[in-house]
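**Q** What shape does this take:
(one chain, ligands or ions: 1)
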Amino acid sequence: MNFSLTEEHLMIRDAARDFAQTELLPGVIERDNTQTFPDSLVRKMGELGFLGVMVDPKYGGSGMDAISYAIIMEELSKIDASASVIVSVNNSLVCYGLEAYGNEEQKQKYLTKLASGQSVGAFCLSEPEAGSDATSQRTTAIDKGDHYLINGTKNWITSGGRADVYIVIAQTDKHKGSHGINAFILEKGMPGFDIGPKEDKLGIRGSDTHTLQFNDVKVPKENRIGANGSGFRFAMKTLSGGRIGIAAQALGIAAGAYELALKYSKERKAFGTEICNHQAIAFKLADMHTEIEAARMLVMRAAWDKDQGYNYDMSSAMAKLYASKVAMEHTVEAVQIHGGNGFVKEYHVERLMRDAKITQIYEGTSEIQKIVISRGIIKE
Ligand code: CAA
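**A** A predicted model of the protein is given here:
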């Protein structure tokens, strides 16, 4: 068993860390305040290969492994979880889905642009009445011979207003339950495809979240991904990989808050000494350090499972469940260590605390991860 990162992984970490410090950090508070999507930064991340990390270079990707992807996600998320969720959805839910299940024509037409950052992707599964219960899709895709007619509403769609390409999950045959669901590629601007107002969120405010409406959207048959009825399994498999990305995001949020708290505690003095010398603070730092390291092990394990070609449904759910809990708990502690300054935007930890919450909700709530894990245990 080897716990060391390779030279290549260390170089990738340094590149992502450098980008986060020099490019993401300067405007992160402003983007959070004004809910501004980081357009130019997304372009730069595309140039660096962060938008198609695991995609084969023949489709415009970087051809790296899932461990590299987790490292990049952790480093970006230490500074800006709004930017990193755009990266995560594009990589795990859109590029992976197209590369693993799309046909050659779909890969040439869509994946090459998405992986190189020329287009941005969105993944549309959640609905007003089908969040956790993903089999209960109300959006319909009726087979009309050479095309499908799509009708319905999708909620909380990351990059909903800014994306160019949307993977939409819809019900084709209600009587077949999860086997009657399909995944489709839609493009912005298709007649009948409307983008609702932007959500005003607690956290990840620099990302762009919208409700989408489909009114008789005519989607050519060649835009269906995979065999008829394979859309639910497609969604579940892409979400398993997505959970590695979000687990790494949660890890980065926790680690970013911890690093700020550690630094602050070594500078701030109270009762005649730096506050890190008080056991009340030192013990918090010890817990944070230990649990963040444990979360990192779970994230890396899930990424390694994916790289080895093993099943990663359970390991990705475990990584996401635990890393998101650590992110929530330790960002609260980081604010506490900062005292009054922790409540002020310029110290960054209050934003990380707000951003942490969504990691326990999107790509499956913590309760959903427990369903996946417990079903996996019982099946073993
Ligand atoms: N891989 C392959 N197949 C799978 C699978 C997987 N990981 N998980 C389930 N399936 C298959 C099952 O084997 C079953 O097939 P059969 O009928 O042939 O046996 C079929 O799919 C139905 O599975 P279940 O009976 O297990 O389905 P369920 O209704 O009990 O739901 C669930 C399972 C795990 C709760 C699922 O609904 C789920 O993951 N829900 C959460 C959805 C979610 O994560 N939403 C997030 C939205 S995306 C997002 O947040 C993106 C963003 O913007 C950041």
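**Q** Could you use CA atoms for every contact and neighbour count after this?
**A** OK.
**Q** Give me the most central residue, this structure.
**A** Residue closest to the mean C-alpha point of the chain, counted by C-alpha atoms, centre = their mean, is Ser88 at 3.7 Å.
**Q** And that residue, how far from Ile371?
**A** 23 Å (C-alpha to C-alpha, to the nearest Å).
**Q** Ok, Met353 next?
**A** Distance from Met353 to Ile371, by C-alpha to C-alpha: 26 Å.
**Q** now do Ala250
**A** 20 Å.
**Q** now Val217
**A** For Val217 relative to Ile371 (C-alpha to C-alpha), the value is 34 Å.
**Q** ditto for Asn341
**A** According to C-alpha to C-alpha, Asn341 and Ile371 sit 39 Å apart.
**Q** do Ile361 as well
**A** Ile361 is 14 Å from Ile371, by C-alpha to C-alpha.
**Q** and if you look at Pro128?
**A** 21 Å.
**Q** for the ligand, what are the nearby residues on the stretch 151-300 of the chain?
**A** 157-158, 178, 232-233, 236-237 (C-alpha under 6 Å from any ligand atom).
**Q** change it to 5 Å
**A** 157-158, 233, 236-237 (C-alpha under 5 Å from any ligand atom).
**Q** Looking at those, which are in helices?
**A** 233, 236-237 (DSSP state H).
**Q** Only the buried subset of those residues, as a PyMOL command please.
**A** Typed into PyMOL, the line below selects the buried ones among those, using 16 or more other C-alpha atoms under 10 Å:
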select buried, resi 237
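**Q** CSV please, covering the ones in helices among the residues of the stretch 151-300 of the chain next to the ligand and showing pLDDT.
**A** Listed next are these as CSV, based on pLDDT from 0 to 100:
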residue, pLDDT
Arg233, 97
Met236, 97
Lys237, 96
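**Q** what about Gln118, how many residues close to it?
**A** Gln118 is flanked by 17 other residues according to other C-alpha atoms under 10 Å.
**Q** That one contacts Gly46, doesn't it?
**A** Yes - look at Gln118 against Gly46 with C-alpha atoms under 8 Å: they come within range, at 7.3 Å.
**Q** Does the nearest residue to Thr139 once chain neighbours are set aside fall in a helix, a strand, or a coil region?
**A** With sequence-adjacent residues excluded and distances taken as C-alpha to C-alpha, 6 or more residues apart in numbering, Thr139 is closest to Gly152, at 4.1 Å. Three-state assignment for Gly152 (DSSP: H, G, I helix; E, B strand; the rest coil): strand.
**Q** Which residues are in contact with Gly152?
**A** Counting by C-alpha atoms under 8 Å, 6 or more residues apart in numbering, Gly152 makes contact with 138-140, 213-215.
**Q** before we move on, the earlier item: give me the pLDDT value at the residue nearest to the centre of the chain.
**A** What the model reports as pLDDT for Ser88 is 98.
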